[in-house]
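Colleague: Give the three-dimensional model of this entry:
(one chain, ligands or ions: 2)
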Amino acid sequence: MTESSGAIRDGGSRPAGQGVGRGSRTQRAAFIDRDGVLNEERAFVHRIEDFVLLPGVVQALRALEAAGYRRVVVTNQSGIARGLYTEADYQRLTDQYRERLRHAGVTLDAIEYCPHLPDAPVPQYRRACECRKPGPGMLVKVIRALEIDAASSFLVGDRLTDVQAGRAAGIGRCFLVRTGYALSAEAVAAADGVYEDLLSCVQDVLSTPGRPA
Ligand SMILES: [Mg+2]
Ligand SMILES: [Zn+2]
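Modeller: Ligands and ions are numbered 1, 2, ... in the order given. I've put the predicted structure just below:
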């Protein structure tokens, strides 16, 4: 589900960074998990008081923007299906942190979330969907909407399911960071690299701009 139709328009109205020439789908993107990558991992974050931006995040987003990467957040939000908070709560928090980032001088091009869960307590969200990571649905939707070249894009997450979603969507490189969940050996083995945090990951990616995904 899209946070709002304005989510994509908000970024789309900005001048797009020009990707390295590869036909028409040359827009590169950084797909970024939310909890544990952008903000501190806490159980089912849904209030701004619990949304604590991790160090270096603003700098990382700024660097991505300067380098012409779209900034896309993709987040599983099963707390909605579990009845812990509502979609309206989720939207409020999204508006709040987006505004906070805007004040810091950075924007996000799209924010996608999945409110579903198989066997969810809340019937309307009880679904085995394609959007919940490790499914690729959220990524595929943004790739189409923003005409992103998936192969020259990358993903940053803190769980195996983030990497799996990225692979399924054809994202060129899928990385993990140590700012969220403790990484399983399986997750580390599946990733293309493991970094201390988002900023160190982004700096490494941007320092090798000519490298094909
Ligand atoms: Mg996470
Ligand atoms: Zn879903």
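
Colleague: Quick check: the gap between Pro121 and ligand 1.
Modeller: Pro121 is 22 Å from ligand 1, where distance means Cβ to the ion, to the nearest Å. For the C-beta atoms, the positions are set from N, CA and C on the backbone; glycine is no exception.

Colleague: how about that residue, phi and psi?
Modeller: phi -60, psi -30 (degrees, to the nearest 10).

Colleague: Just the pLDDT for it.
Modeller: Here, the pLDDT recorded for Pro121 equals 96.

Colleague: Contacts only, for it.
Modeller: Pro121 sits next to 81-83 when contact means Cβ atoms under 8 Å, 6 or more residues apart in numbering.

Colleague: Tell me the secondary structure of Ala165, please.
Modeller: Applying DSSP: H, G, I helix; E, B strand; the rest coil to Ala165 yields a three-state assignment of helix.

Colleague: where does the residue lying closest to it once chain neighbours are set aside land on pLDDT?
Modeller: In space, and not counting its chain neighbours, Ala165 is closest to Lys133: 4.0 Å by Cβ to Cβ, 6 or more residues apart in numbering. The model reports Lys133 with a pLDDT of 98.

Colleague: residue in this structure nearest to ligand 1?
Modeller: Nearest residue of the chain to ligand 1 (Cβ to the ion) works out as Gly36 at 3.6 Å.

Colleague: burial count for the residue lying closest to that residue once chain neighbours are set aside?
Modeller: Spatially, and ignoring its direct neighbours in sequence, Gly36 is nearest to Gly180 (2.0 Å; Cβ to Cβ, 6+ apart). Neighbours of Gly180 under the rule other Cβ atoms under 10 Å: 22.

Colleague: give me every residue that touches Leu139.
Modeller: Listed by Cβ under 8 Å, 6+ apart, the contact set of Leu139 reads 31, 74, 112, 150, 155, 165-166, 168-169, 171.

Colleague: what secondary structure does it sit in?
Modeller: Going by three-state DSSP: Leu139 is helix.

Colleague: Switch the contacts of Leu139 over to a markdown table; also include secondary structure.
Modeller: As requested, the contacts of Leu139 are arranged in a markdown table below (three-state DSSP):
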| residue | secondary structure |
| --- | --- |
| Phe31 | strand |
| Val74 | strand |
| Glu112 | strand |
| Ala150 | helix |
| Leu155 | strand |
| Ala165 | helix |
| Gly166 | helix |
| Ala168 | helix |
| Ala169 | coil |
| Ile171 | coil |
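
Colleague: Which of those are buried, as a PyMOL select command?
Modeller: To isolate the buried ones among these in PyMOL, judged by 16 or more other Cβ atoms under 10 Å, type:
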select buried, resi 31+74+112+150+155+165+166+168+169+171
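
Colleague: In contact with the residue nearest to Ala165, which residues?
Modeller: By Cβ under 8 Å, 6+ apart, the residues touching Lys133 are 74, 76, 114, 157, 159, 161-162, 164-165.

Colleague: ok, 7 Å please
Modeller: 76, 161-162, 165 (Cβ atoms under 7 Å, 6 or more residues apart in numbering).

Colleague: chain center to the helix ranked longest in the chain, what's the gap?
Modeller: Counting residues, the longest helix found in the chain (DSSP state H) is helix 87-103. In terms of Cα atoms, centre = their mean, to the nearest Å, the centre of helix 87-103 is set 15 Å apart from its chain centre.
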